[in-house]
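**Q** using only what follows, build the 3D model:
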Amino acid sequence: MVKISIRYEGSKHCLLTHGPSGSQIETDAPKDNHGKGERFSPTDLVAAALGSCILTTMAIVADRDGVVLEGSTAEVEKEMVSEPTRRIGALHCKVRVPKSVPQDYRAKLERVAHSCPVHKSLHPDVKLPISFEYV
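**A** Residues are numbered from 1 along each chain as shown. Sure, this is the predicted structure:
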């Protein structure tokens, strides 16, 4: 288990501390929900977690198989919905991978991306399309 401590700082700001490393992240409520949007919002962190989990999981498999993924990127666009309650409605993820990745290996990477732990942890009502580009 990993312990993450969160302290409310006032003005809709929280300070998050990762127990094992001491690394910190600050959050703010978004402008459209009573905040100033000065930092990642909690739902922004979910989007960031998805993108980084996809790349990390792909890298774990690629490293094991001797495939180089350095330079790969992910971009996630978060779409909020308000009905029946305010929540994340969709996380549209665009993954760019070096074209040097062998053609016959790409399908494996794409399967891995769809099975990353964050992707598998999100509610099925959240749409999670992932597109891949080899550049």
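
**Q** next, the contact list for the residue nearest to the spatial centre of the chain, please.
**A** Centroid-nearest residue in the chain, with Cα atoms, centre = their mean: Leu50, separated by 2.3 Å. By Cβ atoms under 8 Å, 6 or more residues apart in numbering, the contact set of Leu50 is 76, 91, 93, 116, 118-119, 122, 128. Just so you know, the C-beta spots here come from the backbone N, C-alpha and C atoms, and that holds for glycine as well.

**Q** verify the contact between Leu15 and Ile6 for me.
**A** Yes - if you go by Cβ atoms under 8 Å, Leu15 and Ile6 touch, sitting 7.2 Å apart.

**Q** helices and strands around the longest strand anywhere in the chain, which ones?
**A** Ordering each strand of the chain by length in residues (DSSP state E) puts strand 87-97 first. The contact analysis (3 or more Cβ pairs under 8 Å, 6 or more residues apart in numbering; DSSP states H and E) places strand 87-97 against helix 42-65, strand 73-81, helix 106-114, strand 130-134.

**Q** report the buried residues of stretch 90-98.
**A** Buried positions in stretch 90-98, judged by neighbour count with 16 or more other Cβ atoms under 10 Å: 91, 93, 95, 97.

**Q** typed the wrong thing, it's stretch 19-28
**A** Under 16+ other Cβ under 10 Å, the buried positions of stretch 19-28 are 27-28.
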